[in-house]
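Q: Test case, fold it:
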Amino acid sequence: FYTAEHRHLAENYIRFCFAKKDETLDKAIEILRKLKTH
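A: Below you'll find the predicted structure:
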């Protein structure tokens, strides 16, 4: 996810990806949109 120039920024991180159902993602979007207003 980084260009070769910026690869060092992620040297100490692991990226995880978990498949989610559309309903779960829709709920997350709803929650995040509410946070945006605060």
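Q: Show the model's pLDDT score for the residue nearest the centre of the chain.
A: Centroid check for the chain by CA atoms, centre = their mean gives residue 17 as the closest residue, at 8.5 Å. Note for residue 17: predicted pLDDT of 82.
Q: can you check residue 36 too?
A: 69.
Q: tell me the SS of the residue sitting furthest away from the middle of the chain?
A: Largest separation from the mean C-alpha position in the chain: residue 5, at 21.9 Å (CA atoms, centre = their mean). For residue 5, the assignment made with DSSP: H, G, I helix; E, B strand; the rest coil gives helix.
Q: What's the separation between it and residue 33?
A: 34 Å (CB to CB, to the nearest Å). C-betas here are computed from N, CA, C, even on glycine.
Q: what's the answer for residue 13, then?
A: Residue 13 is 27 Å from residue 33, by CB to CB.
Q: Span of stretch 11-18 from start to end?
A: 21 Å (CA to CA, to the nearest Å).
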